[in-house]
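1. Take a look and give me a structure for this.
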Amino acid sequence: MRGMFVDTPAKINLILNIMGRREDGYHTLRSVMQTVSLYDRVLVRPTEGGGIVLGCNLPWLPRDRRNLAWRAAESFFDAAGMPCPGLAIHIKKTIPVGAGMAGGSTDAAAVLRILSALYPGVLTDERLMALALSLGADVPFCMRGGAMLAEGIGEELTQVDAMPDCPIVICKPPISVSTKRAYELVDAYRDAPPPYPIEPLLAAMRGGDTAGVARSLGNTMEPPLFVERPRIGEIKAQLLSLGAQGAVMSGSGSAVLGIFEHDAAAQHAEAELKKRWREVFRVRPVAQLDPVRRE
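-> Sure, this is the predicted structure:
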């Protein structure tokens, strides 16, 4: 059987409000997320024999059950009640790792989408989304893409209008923040800001108002993260000084995004940031996922 592949996008958080913590330890949130034109390519190819073999262009990434894409494949066949056939997965990473941009989650979602295409009808859409949630809070969003309001622990997704087409510059410093550590810092922080209002952001997205979107950005995880990792805050200040209409840390960091009105300003900011930082990307919003394709 021939393999299939998909270019799977990164996500950014325009607003991220941590609302509380449940008894089971999961944090509840209200967040507006948007996919952007920064992609990993995930290829899945059935092979003879059993077992999963995972390859990646980044040699230091785990290639076993520690990798979420590997676990996605294993979980798919477990949920389907099928023995896992021989499977080769290859991931070409472009989305920065440990950036708060759902790089691991989007790869896991890509594996689930590809296996659903390779083995049609084996799992219902409802079962597939439940499986996605079991892998991680961002994976259900990455299965759908576009723009979504996420609530609960990330499983309650409501489609919203995509943000207007505009240049976005993303910069990740040479540090990564584990989600676990980020939430520990949030839990210990005593001066957490109040939740950012979401309706002004959604209204700006409905109206195609780029400046309104930029004014509405917010992330309640920023204050404790900026204390522990001050370079993240430095990048936010640098983006604003370079003309971004608004800037915010994405997810639990460490990437920061800036929204620009014009391509020329975004290109200038990208060039200036690259003088200091290695991982700098100029992207645009993406309203829908690319289809799964055959090799």
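2. So which residues of the stretch 1-150 of the chain form helices?
-> In the stretch 1-150 of the chain, the helices defined using DSSP state H, counting those that start in this stretch lie at 68-80, 103-118, 125-135, 139-144.
3. Mind listing residues that contact the longest one?
-> The reference is to helix 103-118. 1, 4-6, 8-11, 40, 42, 44, 46, 67-69, 71-73, 76, 89, 91, 93, 95-97, 122-123, 128, 131-132, 135-136, 138-139, 141-143, 289, 292 (CB atoms under 8 Å, 6 or more residues apart in numbering). Bear in mind the C-beta positions are built from the backbone N, C-alpha and C, glycine included.
4. Enumerate the positions of the helix or strand of the chain with the lowest mean pLDDT that are buried.
-> When each helix and strand of the chain is scored by mean pLDDT, DSSP states H and E, helix 179-188 comes last, with a mean of 91. Buried positions in helix 179-188, judged by neighbour count with 16 or more other CB atoms under 10 Å: Thr179, Ala182, Tyr183, Leu185, Val186.
5. can you check stretch 276-293 too?
-> For stretch 276-293, the neighbour count (16+ other CB under 10 Å) marks Trp277, Glu279, Val280, Phe281, Arg282, Val283, Pro285, Val286, Leu289, Asp290, Val292 as buried.
6. Equivalent analysis for stretch 261-271, please.
-> Buried-residue list, stretch 261-271, by 16+ other CB under 10 Å: Ala265, Ala266, Ala269, Glu270.
7. Contacts for that stretch next, please.
-> Applying CB under 8 Å, 6+ apart, the contact partners of stretch 261-271 are 166-169, 210-211, 239, 242-245, 258, 260, 280-282.
8. Pull that stretch out as CSV, backbone CA atoms only.
-> Listed in CSV are the C-alpha atoms of stretch 261-271, where the atom choice follows Å, rounded to 0.1, in the frame of the first residue of the first chain:
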residue,chain,number,x,y,z
GLU,A,261,-0.6,45.8,9.1
HIS,A,262,1.7,45.7,6.1
ASP,A,263,4.1,43.2,4.5
ALA,A,264,6.9,45.7,4.3
ALA,A,265,6.9,46.3,8.1
ALA,A,266,6.7,42.6,8.8
GLN,A,267,9.6,41.9,6.4
HIS,A,268,11.7,44.6,8.2
ALA,A,269,10.9,43.2,11.6
GLU,A,270,11.8,39.6,10.4
ALA,A,271,15.1,40.8,9.1
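9. got the domain boundaries for the protein?
-> Taking automatic domain parsing as the reference, the chain has its domains at 4-160, 168-286.
10. out of the contacts of stretch 261-271, which is most surrounded?
-> Among those, the one with the most neighbours (other CB atoms under 10 Å) is Gly258, at 28 neighbours.
11. Give the helix, strand or coil label for that residue.
-> Using DSSP: H, G, I helix; E, B strand; the rest coil, the secondary structure recorded for Gly258 is strand.
12. Assess the claim that it and Ser250 are in contact.
-> No - here Gly258 lies out of contact with Ser250, judged by CB atoms under 8 Å, at a distance of 10.9 Å.
13. overlap in contacts of these two?
-> Each of Ile170 lies in contact with both Gly258 and Ser250 under the rule CB under 8 Å, 6+ apart.
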